[in-house]
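*Asks:* Pasted the sequence and its predicted model underneath.
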Amino acid sequence: MAESKVTIWIDADACPRVIKEIVFRASERLQMPVYLVANQSLSKHETKLVRSVVVGKGFDVADDYIAEHVGPDDVVITADIPLAARVVAKGAVAIDPRGELLTEENVGERLAMRDFMMELRDGGLVQGGPAQFSLTDRQRFASSLDRLLTQMHKGMRPV
């Protein structure tokens, strides 16, 4: 099988371990390289396709690294909507750990909703954050990732 042009980037600091494991299995199956980007040391991996990049400490340093290095044929796994908007602007595709695909068509709306909810939280009108990560979220992510990577591996853009 020819090596894929697609590279998978993981915003690894807050990504659930189970999501990383799903990505590693997909990487092996499709022979796609994976870069874990974090500002702390990560555990070692048993494959040559997975590489860890440890960036400096600081707000958005890992995000900046991903945004600078991502290519238009790449996939970024992140729950960070501003990062998703940055990579989508470069032609890449983002998917969050709950399986939602973030593309040119919807990332602006998600960014606006994130900012609105942040204003409500800052004003004390809304408390809490997203629901706890569930088995359904994990299954939705696995299904969305498989569909996305299969399309991209065949040279098709996600729909």
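*Replies:* Good, I have the coordinates. Being a predicted model, the structure only gives us computed values, none of them experimental.
*Asks:* Do you have the strands of the chain handy? List them.
*Replies:* 8-11, 34-38, 50-54, 75-77, 93-95, 101-102 (DSSP state E).
*Asks:* Export the ones you listed to TSV and append columns for distance to L145.
*Replies:* Every residue, glycine included, has its C-beta placed from N, CA and C. Shown next, in TSV, are the strands of the chain (distance: least, C-beta to C-beta, whole Å):
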stretch	distance to L145
strand 8-11	9
strand 34-38	12
strand 50-54	15
strand 75-77	8
strand 93-95	6
strand 101-102	9
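*Asks:* May I have stretch 55-66 exported as CSV, CA atoms only?
*Replies:* The C-alpha coordinates for stretch 55-66 follow below in CSV (Å, rounded to 0.1, in the frame of the first residue of the first chain):
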residue,chain,number,x,y,z
VAL,A,55,6.5,22.0,22.9
GLY,A,56,7.3,24.7,25.5
LYS,A,57,5.0,25.6,28.4
GLY,A,58,2.5,28.3,27.8
PHE,A,59,-1.0,29.2,26.6
ASP,A,60,-1.7,27.9,23.1
VAL,A,61,1.9,26.8,22.4
ALA,A,62,0.8,23.3,21.3
ASP,A,63,-2.1,24.9,19.2
ASP,A,64,0.4,27.2,17.6
TYR,A,65,2.7,24.3,16.7
ILE,A,66,-0.1,22.3,15.1
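*Asks:* Tell me which residues of it come out buried.
*Replies:* By neighbour count on 16 or more other C-beta atoms under 10 Å, the buried set for stretch 55-66 is 55, 62-66.
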